[in-house]
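A.B. asks: below: sequence and its predicted model.
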Amino acid sequence: MAEIRNLQQTPGAGLIQGAVQPGDDGSEPSAKGFKEMVEEGLEKLNSQMTQADELAARLAAGEELDIPEVMVALSKADISFRMFVQVRNKALSAYEEIMRLQF
């Protein structure tokens, strides 16, 4: 019969342990969870889109703005939005695949 070893004694266990390390005081893990990463991404995306909309509205109102600066802000917001949609699509696809698994 095969011997069951402790997870910490298996080869490659350092990789698993390195993913989430306790904080300096040993109480809370220092790694961010998926939820926190998504929330930060949404906040950053919202900020970029708000800034781009504000610059576009100011330019349309006739204010003298640097047109390349406005275009760069719009492009950043567009690229960030497209990337976030792709991340969402991949996460949804992974979720659907997990739901199809039979246990």
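C.D. replies: Cool, got the structure. Numbering: from 1, shown residues only.
A.B. asks: can you give me how far the strand or helix carrying residue 42 is from the chain middle?
C.D. replies: In the assignment (DSSP states H and E), residue 42 maps to helix 34-60. Relative to the chain's own centre, helix 34-60 is displaced by 14 Å; criterion: C-alpha atoms, centre = their mean, to the nearest Å.
A.B. asks: return the distance of residue 44 relative to residue 38.
C.D. replies: Distance, residue 44 to residue 38, by C-beta to C-beta, to the nearest Å: 11 Å. Using the backbone N, CA and C atoms, a C-beta is placed for each residue, glycine as well.
A.B. asks: so what's the residue count around residue 85?
C.D. replies: 11 (other C-beta atoms under 10 Å).
A.B. asks: so for the helix holding residue 42, what gets flagged as buried?
C.D. replies: 45, 48-49, 52, 55-56, 59 (16 or more other C-beta atoms under 10 Å).
A.B. asks: poorly predicted segments of this structure, please.
C.D. replies: 1-30 (pLDDT under 70).
A.B. asks: now the helices for it?
C.D. replies: Remark: helices assigned in the chain by DSSP state H are 13-19, 34-60, 67-100.
A.B. asks: just checking, residue 51 touches residue 74?
C.D. replies: No - with contacts counted by C-beta atoms under 8 Å, residue 51 stays clear of residue 74, the gap being 9.6 Å.
A.B. asks: circling back to that earlier point, nearest to residue 88 among the buried residues of helix 34-60?
C.D. replies: Closest to residue 88 out of these is residue 45 (11.1 Å), distances taken as C-beta to C-beta.
A.B. asks: OK, contacts around that closest one?
C.D. replies: 77, 80-81, 84 (C-beta atoms under 8 Å, 6 or more residues apart in numbering).
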